[in-house]
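Q: requesting a structural model of the entry that follows:
(one chain, ligands or ions: 2)
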Amino acid sequence: MVAKRVAVIAGDGVGKEVIPEGIRVLSAIDPTLDFSELDWGSDRYERTGAMMPPDALATLAEFDAIYLGAIGWPTVPDHVSLWGCLLPIRKTFEQYVNLRPIRLPPGIPSPLAGRGPHDIDMIFVRENTEGEYSGTGGRVHVGHPQEVAVEVPVFTRMAIERAARYAFGLAERRRRRLVSVTKSNASRYAYVLWDEVVEEVARDFSGVEMQRVHVDAMAARMVLRPDSIDVVVASNLFGDILTDLGGALQGSLGLCASANLNPERRHPSMFEPVHGSAPDIAGQGKANPLGAIWSAALMVRHLGDEQGAQRIEQAIDRICEEGSVLTADLGGAASTREVGDRMVELVRQTTVPR
Ligand code: IPM
Ligand code: MN
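A: Numbering: from 1, shown residues only. Ligands and ions are numbered 1, 2, ... in the order given. Have a look, this model is predicted:
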């Protein structure tokens with residue numbers, strides 16, 4: 001078998017600290033993985049005026065997967081850094097599913113009173129190529145009192161359908177419950193189309209119980225009845241916001257993992273922790289690498305190694321249950337590196353899948 005090639009964009013801030021730990025864990029699982037580090041990000045922008053080289057997307061296309069830390073730094077406006085790197089990758093490679101598991105590991109206290117691991121185990125399918133983040137719009141009369149900005153959400157039948165199909169398929173393999181999140185009462189075009197398309201797809205998945213919930217009600221439900229939620233499908237913006245809430249529910253945003261998937265595998269998929277570059281703690285060795293490591297589990301699963309993915313996820317449960325080697329966001333005192341060390345030991349010990 002040809003070794004899988006992984007492009008590594010550690011990016012900015014704590015991305016540079018958590019990604020090396022993820023690579024160590026990945027190498028312990030599969031020593032044949034072949035990593036190529038790319039120095040793309042805000043430092044490069046400051047040096048060269050661009051986040052990535054002009055042929056960046058062609059370069060990435062040759063890889064089996066992309067492992068990304070974080071993009072964004074106070075010296076570069078966020079919309080410039082993100083539209084110069086992260087968002088073009090998601091869109092160009094049709095990574096139309098942003099998959100985000102929200103699960104409270106054992107040993108981590110939930111911020112919700114009386115809730116434990118059995119109550120918080122959901123997974124988000126966030127539409128990842130269009131919607132409110134379509135990038136369509138413009139500004140006119142710039143700098144004048146009559147300045148206008150227009151930002152146009154774009155929803156296509158195809159993108160809604162493929163995200164919904166993926167989510168229903170996932171629900172079939174889980175607890176057969178799907179919530180579709182919109183705001184189709186106040187917004188009467190795009191989210192109404194969303195509802196219609198999801199209803200159509202639902203007909204092909206009669207074993208899955210589907211509910212439509214408005215995003216405002218969903219925010220409350222995640223707090224009050226997290227146990228009632230299994231798979232969620234949501235637009236780009238709503239999925240973005242609700243998964244930060246999810247990160248809080250699972251004990252820390254530092255634990256939150258994501259996979260930007262091109263399910264057909266026509267293009268490389270990208271794996272990244274949900275947290276950002278965290279300038280406030282960057283460079284101090286304090287960042288939680290578990291979100292990056294959990295994202296690495298999603299990568300090896302996508303690359304076909306289900307057992308490897310389960311070993312990493314099991315090791316995450318173990319380190320959380322042990323509680324002695326955790327970073328400050330989870331109430332511990334360990335460094336990024338110490339968590340990485342312990343995770344490497346744990347994945348070496350956990351050889352048997354659950
Ligand atoms: C995320 C991030 C990004 C997003 C930003 C940085 C563009 O918040 O991955 O959730 O909204 O997609
Ligand atoms: Mn986000």
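Q: can you classify G135 by secondary structure?
A: With DSSP: H, G, I helix; E, B strand; the rest coil as the basis, G135 sits in strand.
Q: what sits against it?
A: Listed by Cβ atoms under 8 Å, 6 or more residues apart in numbering, the contact set of G135 reads W83, L87, K91. Glycine gets a C-beta too; all of them are placed from N, C-alpha and C.
Q: doesn't the last one fall inside a strand?
A: To tie it back to what came earlier, the one meant is K91. No - using three-state DSSP, the secondary structure at K91 is helix, not a strand.
Q: mind checking pLDDT for it?
A: Looking at K91, its pLDDT reads 95.
Q: list the contacts of it.
A: Taking Cβ under 8 Å, 6+ apart, we find K91 in contact with T129, G135.
Q: just give me the residue right at the centre of the protein.
A: What sits nearest the mean C-alpha location of the chain, by Cα atoms, centre = their mean, is S258, with 2.3 Å.
Q: just to be sure, that residue is in a strand?
A: Yes - counting by three-state DSSP, S258 falls inside a strand.
Q: and D317, how far from V325?
A: D317 is 13 Å from V325, where distance means Cβ to Cβ, to the nearest Å.
Q: for the closest residue to ligand 1 within the stretch 201-350 of the chain, what are phi and psi?
A: Closest to ligand 1 within the stretch 201-350 of the chain is D240: 4.2 Å, counting by Cβ to the nearest ligand atom. Main-chain torsions, D240, degrees, to the nearest 10: phi -60, psi -50.
Q: S184 too?
A: Residue torsions, per degrees, to the nearest 10, at S184 are phi -80, psi 10.
Q: show me the contacts for it.
A: Contact analysis of S184 by Cβ under 8 Å, 6+ apart lists Y191, V192, W194, D195, R212, H214.
Q: any of those residues buried? List them.
A: Buried members of these, scored by 16 or more other Cβ atoms under 10 Å, are Y191, W194, R212.
Q: among those, which are in strands?
A: Using DSSP state E, the subset of the buried ones among the contacts of S184 located in strands is R212.
Q: in CSV, list the buried ones among the contacts of S184 along with distance to A56.
A: Converted to CSV, the buried ones among the contacts of S184 look like this (distance: Cβ to Cβ, whole Å):
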residue, distance to A56
Y191, 34
W194, 32
R212, 39
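Q: from the buried ones among the contacts of S184, pick the one nearest H302.
A: Using Cβ to Cβ, W194 is the member of these that lies nearest H302, at 25.8 Å.
Q: from what I can see that closest one touches S180, true?
A: Yes - contact criterion Cβ atoms under 8 Å: W194 and S180 qualify, at 7.4 Å.
Q: for stretch 42-58, which outside residues touch it?
A: 11-12, 38, 40-41, 59, 71-73, 75-76, 80-81, 84-85, 88-89, 92-93.
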